[in-house]
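> Fold the following for me, if possible:
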Amino acid sequence: MTKKNIKDQCIERMASFKAPDLVEFVSALPKDASGKVIKILLRMLDKN
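The predicted structure follows:
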């Protein structure tokens, strides 16, 4: 899968306002002790 492929599939299957503007691949998602994804760290990764 490529970034363009994922974006194209989202545009086809979702409302346009729900489709992501940006797609990034990461090796692992940052998680807390209970296993939940730490969304603020994802946003910080996006800014770098």
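
> helices and strands of this structure: which one has the lowest mean pLDDT?
For the chain, the helix or strand with the lowest mean confidence is helix 39-47, at a mean of 85 (criterion: mean pLDDT, DSSP states H and E).

> Look at the residue lying farthest from the centre of the chain and give its secondary structure.
Most distant from the centre of the chain: Ala33, at 21.1 Å, with distances by Cα atoms, centre = their mean. Three states are possible here, and by DSSP: H, G, I helix; E, B strand; the rest coil the one that applies to Ala33 is coil.

> I'd like the numbering to begin with 6 instead of 1 from here.
I'll keep to 6 as the first residue from here, and by that count the last item is Ala38.

> so what's it up against?
If you count contacts by Cβ atoms under 8 Å, 6 or more residues apart in numbering, Ala38 has none. In this view, the C-beta of every residue, glycine as well, is placed from N, C-alpha and C.

> Any stretches of the protein with poor pLDDT?
For the chain, residues meeting the criterion pLDDT under 70 lie at 53.

> Report the separation between the residue most central in space within the chain and Lys41.
Nearest residue to the geometric centre of the chain (Cα atoms, centre = their mean): Val28, 5.6 Å. Using Cβ to Cβ, to the nearest Å, Val28 is found at 22 Å from Lys41.
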